[in-house]
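Engineer: Prediction below, plus the sequence it came from.
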Amino acid sequence: MDYAKVFETGLTYQNFLAKFGTPEQQRRWEGVHADIKLTDAQKQLLGSFKRKMPVIVLAGAWCGDCVNQCPIFDHFASATSCLDIRFFDRDASPELADELSVCGAARVPAVLFLSEDWFRCGQYGDRTLSKYRDMTMGLDGAACPTGLVSPGRSLLDAVTQDWLNEFERIQLLLRTSGRLRKLHGD
C-alpha cells in the first residue's frame, strides 16, 4: 500500500467529524474532547518530539471506542508540530480497513504510525491496555482485576496515558533510527 497517497486523502479531526458525524455524534465527540486534560508533563513530552510522524487513524464517528479515544489524538497533535494525523472512515475505506484489521476484523480505532518517508513503524488499536483491564473486571472466570490501574485514576486519564506511551514509543523508534539519524545529521 502506498501510504503517502493514502495519507493525502485523509481528513483532519474536525473535517472527519464534519463529514462523517451526525450532530449527535459530533456532540458526543466534543464532550469527550472537552474532558481530556493533558498534564504539563504530557505536554512537555509531546513538545520534545523531534521527528515528523504521519499518523493514519481508521475510525467511525458512530463507534463508542472511537468517541472515547480519537479526541485524545487531537490533543496530542495540538501539543506538537511533529504529529500530522489524518482520519479515515472505516466503512468508506475498505482497503485501508483490511490493511489495518485487528484480530481478523476491521475494528476501530486502528492507528498506523509512519516515518516521515512513509515507512510503516507501528500499529495500535482498537483499545488500550487500561480499557481492556477495565472491561475484564466484570468478566466471570479466569479473568480478574490486576490492580495495576489505581482506583483513583480515571479511565480516560489512563487511556490517554496508554496512547501517549505508544506515540512516544514510535517517536523514540524514529529518533534512534540509524537511517533517520544519518538523514538528519544527529
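Structural biologist: In hand now; what should we look at?

Engineer: worst-scoring helix or strand of the protein, pLDDT-wise?
Structural biologist: Across the helices and strands of the chain, mean pLDDT, DSSP states H and E gives its lowest value to helix 129-136, namely a mean of 87.

Engineer: Buried ones in the next helix or strand after that helix, by neighbour count?
Structural biologist: Where DSSP states H and E defines the elements, the next helix or strand beyond helix 129-136 is helix 155-176. Using 16 or more other C-beta atoms under 10 Å as the test for burial, helix 155-176 gives 156-164, 166-168, 170-171, 173-175. From N, CA and C alone the C-beta is placed, and that goes for glycine too.

Engineer: Equivalent analysis for stretch 64-82, please.
Structural biologist: 65-77, 79-80, 82.

Engineer: Could you do stretch 13-21 as well?
Structural biologist: By neighbour count on 16+ other C-beta under 10 Å, the buried set for stretch 13-21 is 13, 16-17, 20-21.

Engineer: Tell me which entries of those lie within strands.
Structural biologist: When DSSP state E defines the strands, the subset of the buried residues of stretch 13-21 inside them is empty.

Engineer: ok, these vs residue 56, which is closest?
Structural biologist: Nearest to residue 56, judged by C-beta to C-beta, of those is residue 16 at 11.7 Å.
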